[in-house]
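Q: make a model of this:
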Amino acid sequence: MTEPLLRKKHGADCNIPNECDRVVPAWLIVLDNAPTAVLFLLGTAIIWNANPLLSLLFLAYCCLSIILFWKLICPWCHHFGTTGCPCGYAKIAARFFERKTGKEFKRVFKRNIVIVFPCWFVPLGTGIYLLWTDYSRALLYLFLAFCLVGFVLIPAISKFVGCRSCEIKEQCPWMS
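A: Predicted coordinates:
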């Protein structure tokens with residue numbers, strides 16, 4: 001089942017035996033990233049109901065958190081600089097940051113993944129507060145959509161599609 005998701009291309013060195021030339025198709029990269037973009041926009045909309053200025057700062061933080069992810073986590077991944085990354089970050093991060101050496105990926109991931117937590121938990125907390133203090137059906141639907149995308153859809157896509165065929169998923173705290 002994993003072979004149709006992958007195309008082989010020679011030349012990349014990813015330090016993963018027999019898989020250095022894996023190419024993740026563009027549709028899979030879009031499938032992996034589109035829900036995250038939707039999550040950020042839904043979170044921004046929830047926070048907008050509390051404070052429009054803070055919602056714009058939140059959206060800026062979400063974008064910054066992805067860049068920080070590229071800087072702090074991606075350089076340690078075996079897929080760095082290759083087309084084997086399920087979310088497509090490896091090639092982008094390699095344009096701006098240097099590869100790190102060593103077998104520290106799992107530790108670095110665990111230590112730095114907190115940079116994206118506010119993207120999930122600030123809108124969650126804000127939504128709960130707003131539903132408690134200023135309930136509306138529209139806000140409820142927005143909050144439910146946010147929870148569905150962030151806590152069901154994104155993990156399901158990772159588990160069943162994006163990370164399913166990743167050779168290093170056992171080393172990755174997201175999937176192990």
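Q: can you list contacts of the helix or strand that contains Ala138?
A: Assigned by DSSP states H and E, Ala138 falls within helix 137-148. Applying Cβ atoms under 8 Å, 6 or more residues apart in numbering, the external contacts of helix 137-148 come out as 39, 42-43, 45-46, 49, 123-124, 127-128, 130-131. (Each C-beta comes from the backbone N, C-alpha and C, glycine too.)
Q: list the buried residues of that helix.
A: 139, 142-143, 145-147 (16 or more other Cβ atoms under 10 Å).
Q: mind listing which of the contacts of helix 137-148 are in helices?
A: Of the positions in the contacts of helix 137-148, 39, 42-43, 45-46, 123-124, 127-128, 130-131 sit in helices, assigned by DSSP state H.
Q: what about burial for the contacts of helix 137-148, which qualify?
A: Buried among the contacts of helix 137-148 (16+ other Cβ under 10 Å): 39, 42-43, 45-46, 49, 123-124, 127, 130-131.
Q: nearest to Thr101 among the residues you listed?
A: Ranked by distance to Thr101 (Cβ to Cβ), the buried ones among the contacts of helix 137-148 are led by Leu39 at 32.7 Å.
Q: wait, the closest one sits on Val149?
A: Yes - when contacts are counted by Cβ atoms under 8 Å, Leu39 is listed as touching Val149 (4.9 Å).
Q: C-terminal to the helix holding Ala138, what's the next element?
A: Downstream of helix 137-148, the first helix or strand assigned by DSSP H and E is helix 154-157.
Q: list the helices and strands that next one packs on?
A: With contacts defined as 3 or more Cβ pairs under 8 Å, 6 or more residues apart in numbering; DSSP states H and E, helix 154-157 has these neighbours: helix 26-48.
Q: for Thr126, which residues are in contact?
A: Thr126 makes contacts with 46-47, 49-50, as judged by Cβ under 8 Å, 6+ apart.
Q: got CSV for the residues you listed, with distance to Trp27 too?
A: Below are the contacts of Thr126 laid out as CSV (distance: Cβ to Cβ, whole Å):
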residue, distance to Trp27
Ile46, 29
Ile47, 31
Asn49, 34
Ala50, 36
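Q: please identify which of those residues is nearest to Leu31.
A: Distances from Leu31 to those, taken by Cβ to Cβ, are shortest for Ile46, at 23.7 Å.
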